[in-house]
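K.L.:
when you get a sec, could you give me coordinates for this:
(chains A and B)
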Amino acid sequence: MEKRFYTVAELSRALAAKKVSAVELAKEYLARIEAKNSELNCFLDVRPEETLKQAEAADKLIAEGRAGRLTGVPIAHKDIFVTREWASTAASRMLEGYMSPFDAAVVAKLKSAGMVTLGKLNCDEFAMGSANENSAYGKVLNPWDANAVPGGSSGGSSSCVAAGLAPIATATDTGGSIREPASFTGVTGVKPTYGRPSRLGMIAFASSLDTAGLMAHTVEDIAWVLGDMVGFEPWDSTSENLPAEDFTRDLEKGVKGMRIGVPRKWFQKGLDPEVAASIESVIEEYRRQGAQIVEIELPTVELGVPVYYVVACAEASSNLSRFDGVRYGHRAAEYDDIQDMIKKSRNEGFGAEPKRRILIGTYVLSHGYYDAYYLKAQKVRRLITEEFDCAFQGVDAIISPVTTGTAYDFGAKSDPVSAYLGDLYTVPMSLAGLPCMSMPCGIHSNGRPIGVQLTCARFEEAKMLGIAAAWQRATDWHLRHPNGY
Amino acid sequence: MSLSLDDVRRIADLAHIDISEEQAVRMQGEMNDIFKMIERIQAVNTDGIEPMMHPHDAAQRLREDKVVFGDNREENMKNAPEEYEGLFLVPQVIE
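P.N.:
The predicted structure follows:
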């Protein structure tokens, strides 16, 4: 192939014009993975024979004239989505070698759209982390800088797209796990509205927050693929039953006359000055394109982190109680009785971070503490959500940072509290279930990418993607790539 | 609020995790730091505010109570740590 980085749109056109076959594309990306994965550690499971089988089927559809626009385009899946042909581990020892009897809804939908799976992507164990340092199978490197974290929990997704090992990847976001790694690696990452993509077959962390999404180079690519990824799923009780939408419909619309809210009071404190300047450059560009910039206040969102860690840990402790060493997952080799078997299996199978969150969650749900922590947090969650809802009465979108700085060094946030506090700009949107995204908006003098966050009212993904497209038409930050790639 | 080592052991027991003494000590320090950060929510006035269990306040959708999935026993047993003639094998629970 002529160049390292192709968009989904380019690959789709090349396939349709028969300039390249799906098998050729699959072989090219598999060769790149073979060459680079030992260094980056993005992929946990690669099975070339399964990938090529899917690519051959795609080529057959293309030859028969029955191809859709995504038929034959390669994609990699975060190892939080279960897959029949690849092991599904959630990057945990607990699920080492687990083979799912079914495909996650998101995987199945993209498969039926003809996309070809390249393999399963590393992440933080059970999607718990912000640096991909919590994987039981080793850390993922950031292609921009080997000392920098790739972000988490979707660090395999961000690193593999940034390195050109896949043109697009699925990811999941519970409190920032798409937006933060996208920002740390200079790619575009979108978390749709909660409930819009199905959670069926997404290994559960926090069920009222977990949302599937995508990472790619351009917002156009994500708009193309998102439509085929979302949709009602009867076996998921929180799946939203909405009519199909064309998420590309506002890509050319521009921002003229739109009102864009900036909650400066919230984010100014503690923000890296170069990140702040990059965010201001985005605001300025939108103003130049005819948007009206509105100062807004969101006084309660600063409580996002404490509220999130109560709610998310409570739900995690409940969800992860299914791992008992009986039906699937790790079972301890030696034990006295069934209780001992369960307790030892759980201690051996879970890493430090899931254990920490299970214990916090167990405590906040336990007798005597439920009202003070869990119920209290869910009440403050409503106040945060109402604040956003109120803001969206007056603005079309909100601009804010993704993180206070660029990707930090491995080991820099080894104590849990400083790691948790790093999620301050991303968890409030998750608590409110809002669609939000990160897009590249600069490169720091330290050589690492900078991202900016856009948030819209629930179910307004198309509008959000249109606003992002207006930025990406005017700038080329999303097309910058790490040295050596 | 401060969690004692005994509190941590009791919570781990409730969570069915057999943590070592060393893990319990480390966890105690970390959990106390985390709860210090969480305590900030106590200062918020939430009188008359309903807890928010679902981000769009949606009610749980229920489906009709009928069997729809067929027998998939063979595939579902494939990941069992120990299996005996299509049954999950556990240590003896009744003497």
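
K.L.:
would you say A:Met439 is within a strand?
P.N.:
Yes. Judged by DSSP: H, G, I helix; E, B strand; the rest coil, A:Met439 forms part of a strand.

K.L.:
so what pairs up with it in the strands?
P.N.:
Applying DSSP bridges to A:Met439 gives these bridge partners: A:Val452.

K.L.:
what's the local residue count around B:Met77?
P.N.:
By other Cβ atoms under 10 Å in any protein chain shown, 17 other residues sit near B:Met77. Quick note: C-beta positions are derived from backbone N, CA and C, even for glycine.

K.L.:
with A:Arg473 instead?
P.N.:
A:Arg473: 14 neighbours (other Cβ under 10 Å).

K.L.:
in whichever helix or strand it is part of, what counts as buried?
P.N.:
Using DSSP states H and E, A:Arg473 sits in helix A:461-474. Of the residues in helix A:461-474, A:461-472 count as buried by neighbour count, 16 or more other Cβ atoms under 10 Å in any protein chain shown.

K.L.:
again, but for stretch A:137-154
P.N.:
By neighbour count on 16+ other Cβ under 10 Å, the buried set for stretch A:137-154 is A:137, A:139-145, A:148-154.

K.L.:
pop out the phi and psi values for the closest residue to chain A within chain B.
P.N.:
Going by Cβ to the nearest Cβ, chain A is nearest to B:Pro55 of chain B, at 2.7 Å. Recorded main-chain torsions at B:Pro55 are phi -60, psi -20, according to degrees, to the nearest 10.

K.L.:
my read: it touches A:Ser208, true?
P.N.:
Yes. B:Pro55 lies in contact with A:Ser208 (Cβ atoms under 8 Å); the separation is 6.2 Å.

K.L.:
show me the common contact partners of those two, please.
P.N.:
Shared contacts of B:Pro55 and A:Ser208 (Cβ atoms under 8 Å, 6 or more residues apart in numbering or on different chains): A:Tyr194.

K.L.:
would you mind measuring from the residue in the stretch 351-485 of chain A that chain B sits nearest to to A:Ala136?
P.N.:
Using Cβ to the nearest Cβ, the single residue of the stretch 351-485 of chain A nearest to chain B is A:Gly433, 2.7 Å away. A:Gly433 sits at a distance of 30 Å from A:Ala136 (criterion: Cβ to Cβ, to the nearest Å).

K.L.:
who has more neighbours out of these two?
P.N.:
A:Gly433 (26 against 21).

K.L.:
surely that one touches A:Lys191?
P.N.:
No. Using Cβ under 8 Å, A:Gly433 is not in contact with A:Lys191; the gap is 9.9 Å.

K.L.:
which residues do the two both contact?
P.N.:
Common neighbours of A:Gly433 and A:Lys191 (Cβ under 8 Å, 6+ apart) are A:Thr211.

K.L.:
other SSEs contacting the helix holding A:Arg473?
P.N.:
Other helices and strands packing on helix A:461-474, by 3 or more Cβ pairs under 8 Å, 6 or more residues apart in numbering or on different chains; DSSP states H and E, are strand A:188-191, helix A:219-229, helix A:273-288, strand A:397-401, strand A:436-443, strand A:449-455.

K.L.:
go with 6 Å
P.N.:
If contacts are counted by 3 or more Cβ pairs under 6 Å, 6 or more residues apart in numbering or on different chains; DSSP states H and E, helix A:461-474 sits against helix A:219-229, strand A:449-455.

K.L.:
quick one: mean pLDDT over that helix.
P.N.:
In this model, helix A:461-474 carries a mean pLDDT of 98.

K.L.:
what comes into contact with that helix?
P.N.:
Around helix A:461-474, the neighbours that count as contacts under Cβ atoms under 6 Å, 6 or more residues apart in numbering or on different chains are A:192, A:219, A:223, A:247, A:249-251, A:253-255, A:285, A:289, A:397, A:435, A:439, A:454, A:456, A:478.

K.L.:
stretch A:17-37 now?
P.N.:
Contacts of stretch A:17-37 (Cβ under 6 Å, 6+ apart): A:1, A:14, A:43, A:46, A:48, A:51-52, A:55, A:58-59, A:72, A:74, A:116, A:118, A:165.

K.L.:
tell me what A:Phe43 is bridged to.
P.N.:
A:Leu121.

K.L.:
for the residue of the stretch 351-485 of chain A closest to chain B, give its distance to A:Ser207.
P.N.:
Distance from A:Gly433 to A:Ser207, by Cβ to Cβ: 12 Å.

K.L.:
tally of neighbours for residue 44?
P.N.:
You didn't pick a chain, so chain A it is. The burial count for A:Leu44: 25, using other Cβ under 10 Å.

K.L.:
look at chain B instead
P.N.:
16.

K.L.:
who in the stretch 1-150 of chain A is up against chain B?
P.N.:
A:98, A:101 (Cβ under 6 Å from any Cβ of the partner chain).

K.L.:
show me what contacts the closest residue to chain B within the stretch 1-150 of chain A?
P.N.:
At 4.0 Å from chain B, A:Pro101 is the closest residue in the stretch 1-150 of chain A, using Cβ to the nearest Cβ. A:Pro101 makes contacts with B:75-76, as judged by Cβ under 6 Å, 6+ apart.

K.L.:
pretty sure it sits in a strand.
P.N.:
No. According to three-state DSSP, A:Pro101 belongs to no strand; its state is coil.

K.L.:
which of the residues in stretch A:297-316 are buried?
P.N.:
For stretch A:297-316, by 16+ other Cβ under 10 Å, it's A:298, A:300-316.

K.L.:
tell me which of these fall in helices.
P.N.:
A:304-316 (DSSP state H).

K.L.:
got the confidence number for A:Met1?
P.N.:
pLDDT for A:Met1: 78.

K.L.:
now it, nearest residue through space, not along the chain?
P.N.:
Once flanking residues are discounted, A:Met1 sits nearest to A:Glu28: 5.5 Å by Cβ to Cβ, 6 or more residues apart in numbering or on different chains.

K.L.:
how much space between the one you found and A:Ser157?
P.N.:
19 Å.

K.L.:
neighbour count: the two, which is higher?
P.N.:
The neighbour comparison of A:Glu28 against A:Ser157 (other Cβ under 10 Å) goes to A:Ser157, with 39 against 14.

K.L.:
surely the more buried one meets A:Leu121?
P.N.:
Yes. Using Cβ atoms under 6 Å, A:Ser157 is in contact with A:Leu121, at 5.3 Å.
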